[in-house]
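Chemist: predicted model, plus sequence, below.
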Amino acid sequence: MSAISMPSQGDFDVLSLLTSDVPYHHRLPSSSSPPRRSGESSPPLHAHVPSSERSKPKQKQRDDNPIDALLISAVIAGSGSMSRHHFSHAGNAYQNCDTLPRPIPTTQSSTSPPVMRSMQAPRSVRLKLEREAEAKRKAVEAETQAKQIPKPASTTTTVSSQSVEASLSSSLGGMSMDSGGGGTRKPKRKMSIDPSPVAQILQNASSVGKHTFQTLPATTNAMGSSGSALLGSPGNLAYAQPGVTAGPSRQPTSVQVRCMARTRVPTPHGEVFLHLYHNSVDTKEHLAIVFDPIQLDPDARAMAPRRRREIRSTSLDQSWREGETDMERVVRGAYVGRLVPGGEDQASTPVAAKSAAKVDGGDVLDGLGVVGEEDDEDSTGDIHDILPLVRIHSECFTGETIGSMRCDCGEQLDEALRLISLSNPLPSTHPPHTTHRHHHHHPLDLADSIPSTRLPSPSSTAASTPGIRVPGRGVVIYLRQEGRGIGLLEKIRAYNLQDLGHDTVTANLMLGHGADERSYTVAAEILRDLGLGGQSSSQGIRLLTNNPEKVEGLAKEGVRIAERVGMVPRDWRCPSNSPVRRYRQLPLESEQDDQEKEYEDWRARRAGVGMIGAGRTYGPELEKYLRTKVERMGHMIDIPPGDS
Ligand SMILES: Nc1nc2c(ncn2[C@@H]2O[C@H](COP(=O)(O)OP(=O)(O)OP(=O)(O)O)[C@@H](O)[C@H]2O)c(=O)[nH]1
């Protein structure tokens, strides 16, 4: 019984706990122990140790199993036949959680020794449980590893269709890819985030059969963000055409994007389709927020020109593998129309829907538009419709999420969606050769956001057909280029430099960055994937921006910008002498002029900016930021009179 020949302080603490209803001096072997003082809740430390030693707690390390409270307390309670193997003994005194459901006595006679319950199983039982748990953990680990996609062993690798399937299966959150229903394996319904690197998924998902690809050395990614380097980008991937083996001298092919999934999202400005894209340049998940009401609202479809094409992703609508099931397509968003509960058999292939419509001889909606009539076309084959309004927006956590008033990014995102959702006058069949400002029903509608002195070349600006308005449409491409491409960490550092008095451009330069490190290559590819910005006149876009670099960047990538639409900060849109404009106290309602009243009314009803919900950003820091954009970055917008 070595455990009681030299008990430690811990032993006594436990003992005290377990025997607090029995005076300790009746139980302890030493009669020389001092009596317990009234109110004392535990025996003195090392009661059997000479007082000279008492102040020094024993440092000796225990080399046996952890303390067994039951053993100690039972021995002290006077049982003569106690051993470490007390669990083998029968008797009520040894009941414990391991032997449940044996009933635990709730009463005991006042003369019988106190019932002690150990929470500790015998060592043999514990070891057995530990071994079982370890075996289980290893099995789970092996299963997880088996599910992971093998990494390419060399720079040139052949991807088999099986690994494509494995990848797709995994990118669909582990849903079974077995369309034949053979085998006994239960389909997994887990919708987890894919653990594989984004580029790996894309590269496997981007081809149905065998194809080769080349891993290029990691370089600065085209989005120019240091963020992806921190995330451990696996390097830039260039794709070869199927059947072409990538060799060392091969030049990388162009950037590729793939829409991995889309879903409908109701917003204060209307319902949108959120598209998530992967690409071959970086590991970021860029987004496209598509506003295209004809896909979801029969009234909007009825009001739209009959040949208006839906804004759909080509890469999403493609079949990703032979035998892909409707359910798989629906889950990744490649369906037509609106999903309804129980509608798992939703039409999912636009092309099939189109031919079905033709077979029926119907003039009905298909996946890509409406089989229309001649009167929608002019002699050049162009369709008379408004061109989609497009904003290429760069991520700004501070402005969009916490309502920072250092910049107008949150407001711009909100305003872009609002402008895209507005109905527009239908252009006339004969575009004029001079700039024409449309009549708008609201003073804050589109025309008011376009600085008249900055209107683009008028060749694309059509006159409106009086009285006819058509539903708005367009897209916000949301690029993960936080901080103009320098990443959030560096932007936070830049803000501290700005608090020291430097402007947004100088702060970037002081940190060793360019004033603007963004690229629009991926944005251009996403637009193309959505069927926008192509060279035919019906494919052009109206671009919402004041930034000349954005216009140039997209044009360089081959995007046809038919018109630039300016974005006037909400705070600059009010008259410069307005108290609203000066972001100070609002005047009494009686002192407000009509425009101010209308503005306030609109502001109260409109959607907010970021989670703060303010309708507008303002303040001296925003003012400085906006002026810097105009004065140092060449933004094409006029500083309001009286401010310069
Ligand atoms: N480095 C840095 N980035 C900022 C700062 N303020 C906003 N940003 C980032 O700037 C980007 C938005 O750029 P803006 O210049 O506001 O607008 P723009 O997109 O260039 O131009 P518009 O299309 O006319 O709106 C987002 O990525 C923001 O995170 C800042 O002070 N420093």
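Modeler: Arrived safely.
Chemist: neighbours around the residue lying closest to Arg632 once chain neighbours are set aside, how many?
Modeler: Excluding the flanking residues, the one nearest Arg632 by Cβ to Cβ, 6 or more residues apart in numbering is Val505, at 4.8 Å. For the C-beta atoms, the positions are set from N, CA and C on the backbone; glycine is no exception. Other residues near Val505 number 18, with proximity taken as other Cβ atoms under 10 Å.
Chemist: just the element for Val505, please.
Modeler: For Val505, the host element (DSSP states H and E) is helix 504-510.
Chemist: how about Ile311?
Modeler: Element membership of Ile311 [criterion: DSSP H and E] is none; it lies in no helix or strand.
Chemist: and the pLDDT at it?
Modeler: For Ile311, the pLDDT comes out at 97.
Chemist: quick one: contacts for it?
Modeler: Neighbouring residues of Ile311 by Cβ atoms under 8 Å, 6 or more residues apart in numbering: 290, 292, 295, 388, 473, 475, 530-532.
Chemist: could you do Lys556 as well?
Modeler: With Cβ under 8 Å, 6+ apart, Lys556 has these contacts: Tyr520.
Chemist: among the contacts of Ile311, name the buried ones.
Modeler: Buried by 16 or more other Cβ atoms under 10 Å: 290, 292, 295, 388, 473, 475, 530-532, out of the contacts of Ile311.
Chemist: so which of these comes closest to Asp408?
Modeler: Val475 (20.3 Å; Cβ to Cβ).
Chemist: what strand or helix carries that closest one?
Modeler: Assigning secondary structure by DSSP H and E places Val475 in strand 474-479.
Chemist: so which elements touch that strand?
Modeler: strand 286-291, strand 389-394, helix 409-421, helix 521-529 (3 or more Cβ pairs under 8 Å, 6 or more residues apart in numbering; DSSP states H and E).
Chemist: strands paired with that strand, and their directions?
Modeler: strand 286-291 (antiparallel), strand 389-394 (parallel) (DSSP bridges).
Chemist: per-residue confidence averaged over the last one?
Modeler: The one in question is strand 389-394. For strand 389-394, mean pLDDT rounds to 98.
Chemist: list the buried residues in the helix or strand just after it.
Modeler: Next helix or strand after strand 389-394 toward the C-terminus (DSSP H and E): helix 397-401. Neighbour counts using 16+ other Cβ under 10 Å place 397-400 of helix 397-401 among the buried residues.
Chemist: so what touches helix 397-401?
Modeler: Contact with helix 397-401 is made by 404, 406-411, 413, 482, 488, 491, 609-611, 617, as judged by Cβ under 8 Å, 6+ apart.
Chemist: return only those of those residues found close to the ligand.
Modeler: Residues of the contacts of helix 397-401 in contact with the ligand (Cβ under 6 Å from any ligand atom): 407, 409, 482, 491.
Chemist: format the strands paired with strand 474-479 as JSON lines; extra columns: distance to Glu134.
Modeler: Listed next are these as JSON lines, based on distance: least, Cβ to Cβ, whole Å:
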{"stretch": "strand 286-291", "distance to Glu134": "43"}
{"stretch": "strand 389-394", "distance to Glu134": "49"}
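Chemist: could you say which one of those comes nearest to the ligand?
Modeler: Taking Cβ to the nearest ligand atom, strand 389-394 is the member of the strands paired with strand 474-479 nearest to the ligand, at 3.3 Å.
Chemist: now the angle from the closest one to helix 409-421?
Modeler: Note on geometry: by axes from the mean of the first three to the mean of the last three Cα atoms, to 10 degrees, strand 389-394 and helix 409-421 are set 160 degrees apart in direction.
Chemist: buried residues in strand 389-394?
Modeler: Residues 389-394 are the ones in strand 389-394 that count as buried (16+ other Cβ under 10 Å).
Chemist: got the buried residues for stretch 302-315?
Modeler: Quick answer for stretch 302-315 (16+ other Cβ under 10 Å): 303-313, 315.
Chemist: give me the subset of those residues lying in helices.
Modeler: Judged by DSSP state H, the subset of those located in helices is 303, 315.
Chemist: hmm, back to that, most widely separated two among the buried ones among the contacts of Ile311?
Modeler: Farthest-apart pair in the buried ones among the contacts of Ile311 is Gln295 and Leu532; separation 14.7 Å (Cβ to Cβ).
Chemist: related to what we said a few turns ago, show the pLDDT at the residue nearest to Arg632.
Modeler: Each residue has a pLDDT score; the one for Val505 is 96.
Chemist: hmm, back to that, could you tell me the least trusted of the helices and strands packed on strand 474-479?
Modeler: Among the helices and strands packed on strand 474-479, helix 409-421 has the lowest mean pLDDT, at a mean of 92.
Chemist: can you spell out which helices and strands pack onto it?
Modeler: Identification of packing neighbours for helix 409-421 by 3+ Cβ pairs under 8 Å, 6+ apart yields strand 286-291, strand 389-394, helix 397-401, helix 446-449, strand 474-479, strand 541-544.
Chemist: buried residues, the first one. List them.
Modeler: It stands for strand 286-291. Residues of strand 286-291 classed as buried: 286-291 (neighbour count, 16+ other Cβ under 10 Å).
Chemist: got the buried residues for the helix or strand following the strand holding Val475?
Modeler: Using DSSP H and E, the helix or strand that follows strand 474-479 towards the C-terminus is helix 488-499. Using 16+ other Cβ under 10 Å as the test for burial, helix 488-499 gives 490-491, 493-495, 497-498.
Chemist: surely Gly270 touches Gln295?
Modeler: No. Counting by Cβ atoms under 8 Å, Gly270 does not reach Gln295; the two are 11.6 Å apart.
Chemist: understood, closing this out.
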